[in-house]
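# okay, sequence plus prediction incoming.
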Amino acid sequence: MSRRHYEEVDDLGEILFSDDPALRLEGVLMSLDTADGTVILDPADTRHMPTALFEFRCAVGKGDFGMWYDMRPSASLDEMPKEPQVEGAILFGMQRLPPEFSDLRLPDPPRSDEDGDLFEEKRPTVFDELCLAEPPRRDDAEVHFGMRRRPPGYADLRSISGWELHEISEHQPGSRQNTEHTDSRLELRTPDGEIYSRTRVAHDPDWAAAARRHGHVVCLCSVELGIRAPYAMTAAQFTPPMRYESFRRGCAMGLTVGGLVAYVDHP
């Protein structure tokens, strides 16, 4: 990205699909609000959903050396890290993703009398694996999964009313207007029409076609989504498993918001 382009966007961004190794969200249950009510989408249709990432370029707890949010084992809700951009999105209806969001899988473990003690066996949590102190739950109604089933009718990711993702094609200087463009500007807009975040990505015809077909895109916004490589590490060295760990850390700290957002194409 040129310096001019860098100054014209708000955040770092990327487009990919939900089953990418850096996200592993093929097992997430999604719901869509329609005129007839809320519909749980068929997981077979959402395993490969078009996804847009917005990683905050400037954040309270993010520096060149990574996140420095500190969570003490005895932290209270008031002491939990807060990011204004995250809290602002929640005020406009965005969903704060639960800490276990990055670990959700389908199908759920079967529940039967034959499971016995095996069903209650405690597995390592995302906090155990990331060596983080588990923070208190921000929402008393938040589902704590562990090895339990999702409640009937529950969706992990829901559509966010009023939000829109606009993809605006941009032609390179000197190129013809009828040639295929190579860049796209993504604008994530709040229900009042204001731009919440802008970023620029390389145009992907397959991604755009999938977004038009579904009509919605999974949008994730966070301090840490695995886009920006750690200090002194090249993008090539920042492997998909490492990016996935960054994504997990942002969710575990309660610093990731997202949802299904209506897609608007501007060819």
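Ah, there it is. Numbering: from 1, shown residues only.
# helices along the stretch 151-267 of the chain, start to end?
205-214, 240-252 (DSSP state H, counting those that start in this stretch).
# which parts of the last one are buried?
Just to be clear, that refers to helix 240-252. Of all the residues in helix 240-252, those buried under the rule 16 or more other C-beta atoms under 10 Å are Arg243, Tyr244, Glu245, Ser246, Phe247, Arg248, Arg249, Gly250, Cys251, Ala252. C-beta here means a position set from N, CA and C on the backbone, and glycine is covered the same way.
# what's the end-to-end length of stretch 209-218?
One end of stretch 209-218 to the other measures 14 Å (C-alpha to C-alpha, to the nearest Å).
# starting at the chain centroid, how far to that stretch?
Centre-to-centre, stretch 209-218 and its host chain are 16 Å apart (C-alpha atoms, centre = their mean, to the nearest Å).
# cool, and stretch 216-224?
That offset, for stretch 216-224, works out to 3 Å (C-alpha atoms, centre = their mean).
# for it, the averaged confidence score.
Averaging the model's pLDDT scores along stretch 216-224 yields 94.
# weakest of the helices of the stretch 151-267 of the chain in terms of mean pLDDT?
If the helices of the stretch 151-267 of the chain are sorted by mean pLDDT, helix 240-252 sits at the bottom with a mean of 91.
# so what secondary structure elements neighbour that helix?
The contact analysis (3 or more C-beta pairs under 8 Å, 6 or more residues apart in numbering; DSSP states H and E) places helix 240-252 against helix 126-130, strand 216-222.
# and among the ones you listed, the most buried is which?
strand 216-222 (a mean of 26; mean count of other C-beta atoms under 10 Å).
# now distance to Tyr196 too, for the helices and strands packed on helix 240-252, in TSV please.
Output for those, formatted as TSV (distance: least, C-beta to C-beta, whole Å):
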stretch	distance to Tyr196
helix 126-130	27
strand 216-222	8
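# ok, and what's touching stretch 232-240?
Here stretch 232-240 makes contact (C-beta atoms under 8 Å, 6 or more residues apart in numbering) with Asp20, Pro21, Ala22, Gly226, Ala229, Pro230.
# quickly name whichever of the residues you listed is closest to Asp10.
Ranking the contacts of stretch 232-240 by separation from Asp10, with C-beta to C-beta as the measure, puts Gly226 on top at 18.3 Å.
# next up, the contacts around that closest one.
Residues counted as contacts of Gly226 (C-beta under 8 Å, 6+ apart) are Ala22, Glu55, Phe238, Met242, Arg243, Tyr244, Glu245, Ser246, Phe247.
# now the fifth one. Nearest residue, chain neighbours left out?
What sits nearest to Arg243 in space, not counting adjacent residues and going by C-beta to C-beta, 6 or more residues apart in numbering, is Gly226, at 3.2 Å.
# now the strands for the protein?
Taking DSSP state E to define them, one finds strands in the chain at 12-17, 30-34, 37-40, 50-55, 62-63, 66-67, 95-96, 157-170, 183-189, 195-202, 216-222, 256-266.
# so the residue nearest the centre of the chain bridges to which residues?
Taking C-alpha atoms, centre = their mean as the criterion, Leu220 is the residue nearest the geometric centre of the chain, at 2.7 Å. When assigned by DSSP bridges, Leu220 has beta-bridge partners Leu53, Gly258.
# hmm, back to that, quick one: closest of the helices and strands packed on helix 240-252 to Lys82.
Closest approach to Lys82 among those (C-beta to C-beta): strand 216-222, 13.4 Å.
# contacts for that closest one, please.
Counting contacts by C-beta under 8 Å, 6+ apart, the residues outside strand 216-222 that touch it are 11, 18, 25, 30, 32, 49-56, 85-86, 89, 94, 97, 157, 159-160, 163, 165, 188, 196-197, 211, 247, 250-251, 255-263.
# now do that strand against strand 157-170, angle only.
Angle between the axes of strand 216-222 and strand 157-170 is 90 degrees (criterion: axes from the mean of the first three to the mean of the last three C-alpha atoms, to 10 degrees).
# right, and Gly259 touches Leu157 too?
Yes. Using C-beta atoms under 8 Å, Gly259 is in contact with Leu157, at 6.2 Å.
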